[in-house]
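Chemist: Have a look; sequence and predicted model below, questions after that.
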Amino acid sequence: MLKSALKTLTVAAMLAGSSLSAIAADYTLRATANSNENDEDYDGLVVFKNFVEAASNGAIEVELFIGTQLCSNGAECLQGVADGAIDIYISTSGGASGIFPYVQVLDLPYMMADDRIAEHVLSGDFTRAMRAMALEDSQNSIRLMTIGNTGGWRNFANTKRRVATPSDLEGLKIRTVVADLPQELVKSLGASPTPIPWPELFTSFQTGVVEGSKNGITDIMGMKFPDAGLQYVTLDGHAYMGALWWMNNEKFLSMPEDLRRVVVDGFYALQQATFASPKRKSIQAYEDFVAGGGDLYVPTPEQKSAFKEAAAPVYDWFKANVGRGEEIFGALEKAVSEAEASIDGSRKADLN
């Protein structure tokens, strides 16, 4: 009797599922990330897809394309978003800087002290200000939906020695992307910036073409860079690895307000997932790095201040040389100040 009842329920559930899936969604969103299923970007997209499809009662379907099926780099993918061939795309600041150079503000060193500050800043008016700038500069075609995280914090890592002060970086060949800002940062600290494509970095460490990089620990361990000689990591946390989530603006605005609300809430859920994912993944990554003989160094507050002071000229360079740089720098500075005041107030209240 019980077996028969269970079988009936199972068949009914299967039929219900098949009938629901047979109903065509009113809107289909094609979302892509040039990464893999071990990445924070994928974690965020899975949460987004689940939330949006459920909260819209099936009115919105989200199709995920992980890797380079739809496009292979920032410029190509953002053009796809502008044209409507791609609905949603995630880029790093470097990937979007060719079209929106001011997004490199996220790479400015030592602007945000920790995760709590960064998450507060990226959840508020700063992101809205950048959204307005991107819409204006893309003729209202590319909409910034949210900024999450992809890999934690950038730290200096190298194959040669422990880096405790800025002077320890002098003379080291540090891998950067082609963008100007990270190269200016490396130069300000006395090292030599060396642009190297990401797929070539492992071999470049092995052969000495470069001796260091600016990466998060999950990327370092995911790419097995310690096997290529990368044995020194300094947790200076000079930049939060922001993930910019873009959407075709016409597609977004074509939806009725109730479904736009679902999409906005879906991006909030996505953002929270990408905030959390690197924290969990980094635990094992740090343990594996040290277990493999890696040297993990945490700078003292005085040493971190010395890094910030040495890198300060980059702020002036950014404001003077990047289009709309002063505007976005002011927005970030204001947001950080407000976040620090809010969080300090909350801490004091919680300590009493």
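Modeler: Cool, got the structure.

Chemist: Look at the closest residue to Asn140 other than its chain neighbours and say how many residues are nearby.
Modeler: With Cβ to Cβ, 6 or more residues apart in numbering as the measure, Asn249 is the residue that lies nearest to Asn140, at 5.5 Å, once sequence neighbours are left out. For the C-beta atoms, the positions are set from N, CA and C on the backbone; glycine is no exception. A total of 22 residues lie near Asn249 under the criterion other Cβ atoms under 10 Å.

Chemist: wait, isn't Asn249 in contact with Ile142?
Modeler: Yes - under the criterion of Cβ atoms under 8 Å, Asn249 makes contact with Ile142 at 6.4 Å.

Chemist: low-scoring stretches of the stretch 1-150 of the chain, by residue?
Modeler: Under the criterion pLDDT under 70, the flagged ranges of the stretch 1-150 of the chain are 1-22.

Chemist: need the strands for the stretch 251-352 of the chain, in chain order.
Modeler: Using DSSP state E, counting those that start in this stretch, the strands found in the stretch 251-352 of the chain span residues 295-297.

Chemist: Equivalent analysis for the stretch 51-200 of the chain, please.
Modeler: Under the criterion DSSP E, counting those that start in this stretch, the stretch 51-200 of the chain carries strands at the ranges 60-66, 88-91, 142-158, 173-176, 192-195.

Chemist: Restricting to C-alpha, output the second one in CSV.
Modeler: Same thing as strand 88-91. Coordinates of the C-alpha atoms in strand 88-91 are reproduced here as CSV (Å, rounded to 0.1, in the frame of the first residue of the first chain):
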residue,chain,number,x,y,z
ILE,A,88,24.1,39.0,-18.6
TYR,A,89,27.9,39.0,-18.4
ILE,A,90,30.4,39.2,-15.5
SER,A,91,33.7,41.0,-16.0
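
Chemist: elements contacting it?
Modeler: For strand 88-91, the packing partners by 3 or more Cβ pairs under 8 Å, 6 or more residues apart in numbering; DSSP states H and E come out as strand 27-33, helix 40-55, helix 74-83, strand 232-248.

Chemist: Could you single out the most deeply buried of these?
Modeler: Among those, the stretch with the highest mean neighbour count (mean count of other Cβ atoms under 10 Å) is strand 232-248, at a mean of 24.

Chemist: My guess is Phe48 contacts Gly266. True?
Modeler: Yes - with contact defined as Cβ under 8 Å, Phe48 and Gly266 form a contacting pair (4.8 Å).

Chemist: buried set for stretch 148-167?
Modeler: Residues 148-160, 163-166 are the ones in stretch 148-167 that count as buried (16 or more other Cβ atoms under 10 Å).

Chemist: wait, what's in contact with the closest residue in space to Tyr42 that isn't next to it in sequence?
Modeler: Using Cβ to Cβ, 6+ apart and skipping residues adjacent in sequence, the residue nearest Tyr42 is Ile66, 5.9 Å away. Taking Cβ atoms under 8 Å, 6 or more residues apart in numbering as the definition of contact, the neighbours of Ile66 are Thr32, Ala33, Ser35, Asn36, Glu37, Tyr42, Leu45.

Chemist: ok, now Pro195?
Modeler: When the contact criterion is Cβ under 8 Å, 6+ apart, the partners of Pro195 are Arg175, Thr176, Val177, Val178, Gln183.

Chemist: how close does it get to Ala75?
Modeler: Note on Pro195: its distance to Ala75, by Cβ to Cβ, to the nearest Å, is 16 Å.

Chemist: tell me the mean pLDDT over stretch 310-320?
Modeler: pLDDT averaged over stretch 310-320 equals 95, rounded to a whole number.

Chemist: buried residues in that stretch?
Modeler: When neighbours are counted by 16+ other Cβ under 10 Å, the buried residues of stretch 310-320 are found to be Ala310, Ala311, Val314, Tyr315, Trp317, Phe318, Lys319.

Chemist: Quick one: end-to-end distance for stretch 79-93.
Modeler: Between the opening and closing residues of stretch 79-93 there is a gap of 16 Å (Cα to Cα, to the nearest Å).

Chemist: List of residues touching that stretch?
Modeler: Residues outside stretch 79-93 that contact it (Cβ under 8 Å, 6+ apart) are 28-33, 35, 41, 44-45, 70-71, 74, 77-78, 103-107, 138, 141-142, 145, 150, 179, 241-248, 250-251.

Chemist: Next: stretch 45-65.
Modeler: Residues from elsewhere that reach stretch 45-65, judged by Cβ under 8 Å, 6+ apart: 20, 23, 25-33, 42, 66, 90, 255, 259, 262-263, 265-267, 269-270, 272-273.
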